[in-house]
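>>> Build me a structure from this.
(one chain, ligands or ions: 1)
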Amino acid sequence: MSLKARLLDRIATGGPLTVADYMAEALLNPEYGYYTTRTPFGTKGDFITAPEMSQMFGEVIGLCLAQSWMDQGAPSTFTLAELGPGRGTLMADALRATARVPGFLAAAQIVLVEVSPTLRDRQAETLEGYEVTWIDSAADLPDGPLWCVANEFFDALPIRQFIRDGKSWRERCVGVQQDMLGFGLAPQGPQPRLDNRLADTADGDLVETCPAADAILSELAQRIDTHGGIGLIIDYGDWRSLGDTLQAVRDHQPVGVLDAPGTADLTAHVDFEALAASAAPAAHTRLTPQGVFLERLGITQRAQALAGTLEGEALKLHIAAHRRLTHPDEMGNLFKVLGLYPATAAPPPGLSA
Ligand code: SAH
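The predicted model follows:
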């Protein structure tokens, strides 16, 4: 039985699902979920992420984490965490790049937040030789200093969608229409969480919320503010989202969101304003384009140094990867970075208050 058939059955007996329930099933169902069953990243996978494009991405992020660790007095033990590490490439590049920072790796306890058993295996292979702990949820992170990074993690968390109807909202749901999955609307109801959106929306507008993201951000922010550390959140999105941003991608092509759950990646834009609102008591940085952040961290000098060791096709690919990561017409502006840091400390390198 396919996941689609299971969901049709479930809806027939239990009624429509919220978009968040649908997304959680499609991505993380223990038997059929997209992340539970595959390793989707890379040129051969369904989509390619920044760390898979070039080792430089993880390297400069590693150095950013290490520099801020020194700036905050180099605590003798801390958690070095990544949320949603994919194939483990970013962490591997960060660890290699920081190996020569005195004391950094000796003080670091590497913790990966990952729910997919398939991807945990892949991460273990990539990080062979390092001592790594896996946890399911950010709530299980140790209660101590925390240096952490999340690249394209928040966009995979389940969102809810609401359509404005007068001064209240109707939630968008997934139901059954003529034996197919289809979108519908729940009855009207007040949504106090969306009061702030009454000012910038009109009747019929769609807004999205991501309760899981808000909760995870609070977990990170509380540890960082109390014990020190930083959080780097890198994702596709903007300061405030308006409209339907839910999308499905298979084999580098957009496909229908409800077509074949479990076989395509589902993501939604990250609403960084909502994340920032959950950052208290920690401070958050200005939202910064990925290209600007990477340039400030010295990616171009690193690119030039690496270019000296390459030639032919490898050199061409390297130059193209640098451009894709940084250029405003490519990922440079589409992806944004938000930093978390203790209210009493300096913002992370590459970001500003
Ligand atoms: N950071 C990686 C992969 C991004 S894809 C990269 O840049 O290449 C999203 C990752 O988050 C996957 O590893 C996926 O399994 C994980 N993930 C998705 N939802 C999750 C959740 N609720 N809790 C923990 N991990 C999750």
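>>> Residues of the stretch 151-300 of the chain that sit close to the ligand?
151-153, 156-157 (Cβ under 6 Å from any ligand atom). Yep, even glycine has a C-beta here, placed from its N, CA and C like the rest.
>>> cutoff 8 Å now
Applying the criterion Cβ under 8 Å from any ligand atom, the portion of the stretch 151-300 of the chain that neighbours the ligand consists of 151-153, 155-158, 212, 265.
>>> ok, which pair from the residues you listed is furthest apart?
Greatest spacing in these, by Cβ to Cβ: Asn151 and Pro158 (18.5 Å).
>>> between these two, which one's more packed in?
Between Asn151 and Pro158, counted using other Cβ atoms under 10 Å, the more crowded position is Asn151 (26 against 21).
>>> these two touch, right, that one and Leu90?
Yes. Applying Cβ atoms under 8 Å as the test, Asn151 and Leu90 come out as touching, 5.9 Å apart.
>>> what residues do those two have in common as contacts?
Both Asn151 and Leu90 are contacted by 50-51, 57, 61, under the criterion Cβ atoms under 8 Å, 6 or more residues apart in numbering.
>>> what number of residues lie near the nearest residue to Thr39 once chain neighbours are set aside?
Once its chain neighbours are removed from consideration, Thr39 has its nearest residue in Arg122; the separation is 5.3 Å (Cβ to Cβ, 6 or more residues apart in numbering). By the measure other Cβ under 10 Å, the count of residues near Arg122 is 20.
>>> quick one: Arg122 and Glu52, what's the gap?
Relative to Glu52, Arg122 is positioned 12 Å away (criterion: Cβ to Cβ, to the nearest Å).
>>> So for the helix or strand hosting the residue nearest to Thr39, what gets flagged as buried?
In this assignment (DSSP states H and E), Arg122 forms part of helix 117-126. Neighbour counts over helix 117-126 (16 or more other Cβ atoms under 10 Å) mark 119-120, 122-123, 126 as buried.
>>> spatially speaking, which residue is in the middle of this protein?
The chain has Phe153 as the residue nearest its centroid, 2.0 Å off, counting by Cα atoms, centre = their mean.
>>> my guess is that residue meets Gly231, correct?
No. No contact is recorded between Phe153 and Gly231 when judged using Cβ under 8 Å, the distance being 11.1 Å.
>>> buried sites along stretch 252-259?
Applying 16+ other Cβ under 10 Å to stretch 252-259 flags 255, 257-258 as buried.
>>> Provide the contact partners of it at residue level.
Residues from elsewhere that reach stretch 252-259, judged by Cβ under 8 Å, 6+ apart: 22, 46-48, 174, 180-183, 246-249, 264, 266.
>>> 7 Å instead?
By Cβ atoms under 7 Å, 6 or more residues apart in numbering, the residues outside stretch 252-259 that reach it are 46-47, 174, 181-182, 246-249, 264, 266.
>>> now that we have those residues, which one has the most neighbours?
Leu266 (25 neighbours).
>>> Name the SS class of it, please.
With DSSP: H, G, I helix; E, B strand; the rest coil as the basis, the three-state label of Leu266 is strand.
>>> pretty sure it is touching Ala248, no?
Yes. Proximity of Leu266 to Ala248 meets the contact threshold set by Cβ atoms under 7 Å, at 5.3 Å.
>>> now the worst-scoring helix or strand of the chain on mean pLDDT, how far from the centre of its chain.
For the chain, counting by mean pLDDT, DSSP states H and E, helix 34-37 ranks last in confidence among helices and strands (a mean of 90). The offset between the C-alpha centroid of helix 34-37 and the centroid of the whole chain comes to 16 Å, using Cα atoms, centre = their mean, to the nearest Å.
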